[in-house]
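Q: can you look at this prediction? I've put the sequence above it.
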Amino acid sequence: MSVEIELKFIVSPTAVDTLFERFAAWPNEHVAPQQLTNIYYETADNFMRNHDMGLRIRGCDGKYEMTLKTAGSVIGGLHQRPEYNVAIAKPTLGLKKFPADIWPEGCKLLPLQKALQPLFRTDFVREKWVVTYGNSEVEIGFDQGEVRAGEDSEAICELELELKSGETADLLALAAKLAEQGGLRQGSLSKAARGYHLAQGNVPRERQPLKVLKLAAKSTVEQGMVAACEQALSHWQYHEELWLRGDQQARHGVIEAIALIRQALVLFGGLVPRKASTDLRACLTALEPLLEAKTTEPQVLCYSPEYLQGKLVLTSWLVTAAWRPFIDSKAQVKLGGSFKRFCDIMLARCVAELKAAFAQKLSEDDYQEQLPRLTRQVLSLLLLSGAYPDSETEPYIAGWRELQSAVAENRQGWYESCRKQALSHASFWLS
């Protein structure tokens, strides 16, 4: 087994011609281009997908390899996923060649192998460079081709940076240098993810509302902070993809995600000082007016250096735990404390602020003046309510969201009824 540590980028077609020149800036070893074919397998009931596993056979120069990827983790856009590779003589599945302990409990390999069928394929040319950067070696792979399922296909033009040896920090630093010339964006959809979507009919993806942050029981405050930023980044990348595919309203999902990151930094600001996130906040500040401009073209902005640097700074901040050098031992102890207890305390403060702002009937101008505060606190509710049943949290949050929506859309006749409805729900958290 190996564990991949890599970053994935989509390359703008206009940047391809200058891409190779960038790699020459560092000592590197070039590998000749190879034609690769990958055939992905799945069952009729999506067994592999449902267990967060991916199975493929790769062919290259008459040689074949069977690969199984199991559930891993994505931290700030940095992919870390266990991968098992087995050389095979011909392109035929043989699941027993993999270690027995990697399969889900109760999985019967023979029936599974019979049920697996080719689902989609990717055909592309891969060119590689092994670059020495800092104290590390990073493999840069550039792929051009297509992913196809039946009659549907999508172009492949992407870059992968994989850490072969050394430090993750060097991988991130190299990515930041490559980003300076533009033409790259951090990809959220792998070749496999695009292939699965094509195989399922290529149905247009729909915008998603922000969801309540859910964490495992006994999570720490620090884990909650990381998960909050992770959820925001996932929301950002999902809606960026929709925006680039023509859904103009998806831009608001990107704006919403950045607002969620900002509010997370505020919520944890009592433990993590502002100076620990100076660079991150500066990048977000630079991006916000560009996103707010209605004339902004996603194909221009999303491939710009400023846009990618914003994501990479967040990725680096999360992966390297960049806040730790800025906190003292007392704050570190608190960060290791119960996230649920932290949430209960912060929920009480959040709702106290909402009730103080909306305790009495307001003028129409006052409602508009309070909208930014209302928006921030709705985001806080989403980040802090995950320890409680949805049946209790959803009506409560929905009340404040409806008031927020009414004010944002200037539905003046709704203000008063929404305000009263939001205030009518009983507290659901422990005080």
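A: It's in.
Q: all strands of the stretch 301-431 of the chain, in order?
A: With DSSP state E, counting those that start in this stretch as the criterion, the stretch 301-431 of the chain has no strands.
Q: do the same with the stretch 51-200 of the chain
A: 54-60, 63-69, 73-75, 78-88, 117-133, 136-149, 152-165, 184-186.
Q: surely A173 touches Y133?
A: Yes: counting by CB atoms under 8 Å, Y133 is a contact partner of A173 at 6.9 Å. C-beta: built from backbone N, CA, C; applies to glycine.
Q: out of those two, which sits in the busier spot?
A: Y133 (21 against 17; other CB atoms under 10 Å).
Q: got the contact list for the more buried one?
A: 26, 170-171, 173-174 (CB atoms under 8 Å, 6 or more residues apart in numbering).
Q: again, only this time at 7 Å
A: Neighbouring residues of Y133 by CB atoms under 7 Å, 6 or more residues apart in numbering: 26, 170, 173-174.
Q: how close does G134 sit to A24?
A: Using CB to CB, to the nearest Å, G134 is found at 17 Å from A24.
Q: no, scratch that, I was asking about E160
A: E160 is 18 Å from A24, by CB to CB.
Q: now swap in E222 and tell me
A: Taking CB to CB, one finds E222 at 41 Å from A24.
Q: neighbour count winner among those two?
A: The residue with more neighbours, out of E222 and A24, is E222; 21 against 11, by other CB under 10 Å.
Q: pLDDT (mean, whole number) over whichever strand or helix holds that one?
A: Assigned by DSSP states H and E, E222 falls within helix 221-244. Rounded to a whole number, the mean pLDDT of helix 221-244 is 96.
Q: got the buried residues for whichever helix or strand comes after it?
A: Note on helix 221-244: by DSSP H and E, the next helix or strand toward the C-terminus is helix 251-267. By 16 or more other CB atoms under 10 Å, the buried positions in helix 251-267 come out as 251, 253-254, 256-265, 267.
Q: and which of these is nearest to A426?
A: L267 (22.9 Å; CB to CB).
Q: contact partners for the closest one?
A: Contact partners of L267, counting by CB under 7 Å, 6+ apart, are 346, 380, 383.
Q: at 10 Å what do you get?
A: For L267, the contact set (CB atoms under 10 Å, 6 or more residues apart in numbering) comprises 221, 224-225, 228, 342-343, 346, 349-350, 376, 379-380, 383-384.
Q: filter those residues to the buried ones?
A: Listed as buried from the contacts of L267 are 221, 224-225, 228, 342-343, 346, 350, 376, 379-380, 383-384; burial here means 16+ other CB under 10 Å.
Q: give me the domain ranges for the protein.
A: The record's domain parsing of the chain by automatic domain parsing lists 2-199, 221-335, 339-424.
Q: quick check: end-to-end length of the last one?
A: Looking at domain 339-424, the gap from its leading to its trailing residue is 27 Å under the measure CA to CA, to the nearest Å.
Q: stretch 330-345 now?
A: This stretch, stretch 330-345, spans 18 Å end to end (CA to CA).
Q: go through it and flag the buried ones.
A: 331, 334-335, 338-340, 342-344.
Q: ok so, going back, JSON lines for the strands of the stretch 51-200 of the chain, including mean pLDDT and distance to N46?
A: JSON lines is the format used below for the strands of the stretch 51-200 of the chain (pLDDT from 0 to 100; distance: least, CB to CB, whole Å):
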{"stretch": "strand 54-60", "mean pLDDT": "92", "distance to N46": "12"}
{"stretch": "strand 63-69", "mean pLDDT": "92", "distance to N46": "15"}
{"stretch": "strand 73-75", "mean pLDDT": "58", "distance to N46": "20"}
{"stretch": "strand 78-88", "mean pLDDT": "81", "distance to N46": "19"}
{"stretch": "strand 117-133", "mean pLDDT": "94", "distance to N46": "9"}
{"stretch": "strand 136-149", "mean pLDDT": "95", "distance to N46": "14"}
{"stretch": "strand 152-165", "mean pLDDT": "94", "distance to N46": "18"}
{"stretch": "strand 184-186", "mean pLDDT": "94", "distance to N46": "27"}
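Q: ok, which of these comes nearest P209?
A: strand 73-75 (21.1 Å).
Q: hmm, back to that, just put the strands of the stretch 51-200 of the chain in CSV and tack on distance to S405.
A: What follows is the strands of the stretch 51-200 of the chain, written out as CSV (distance: least, CB to CB, whole Å):
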stretch, distance to S405
strand 54-60, 39
strand 63-69, 41
strand 73-75, 31
strand 78-88, 35
strand 117-133, 39
strand 136-149, 38
strand 152-165, 35
strand 184-186, 30
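Q: T285: which of those strands is closest?
A: strand 184-186 (19.3 Å).
Q: contacts for that closest one?
A: With CB under 10 Å, 6+ apart, strand 184-186 has contacts from 7-12, 15, 19, 22, 76-78, 158-159, 175, 178-179, 233, 236-237, 240-241, 244, 298-299, 301-305, 307-308, 310-312, 314-315.
Q: if we only consider the buried ones among the contacts of L267, which is nearest to T320?
A: Closest to T320, out of all of those and judged by CB to CB, is M225, at 14.1 Å.
Q: any idea how far the closest residue to the closest one other than its chain neighbours lies from V221?
A: Nearest residue to M225 in three dimensions, chain neighbours excluded: F268, at 4.7 Å (CB to CB, 6 or more residues apart in numbering). Distance from F268 to V221, counting by CB to CB: 7 Å.
Q: W103 now?
A: On the measure of CB to CB, W103 and V221 end up 35 Å apart.
Q: name the residue closest to the centre of the protein, please.
A: In the chain, the C-alpha nearest the mean C-alpha coordinate belongs to S234, at 2.9 Å (CA atoms, centre = their mean).
Q: that residue contacts E241, correct?
A: No: using CB atoms under 10 Å, S234 is not in contact with E241; the gap is 11.1 Å.
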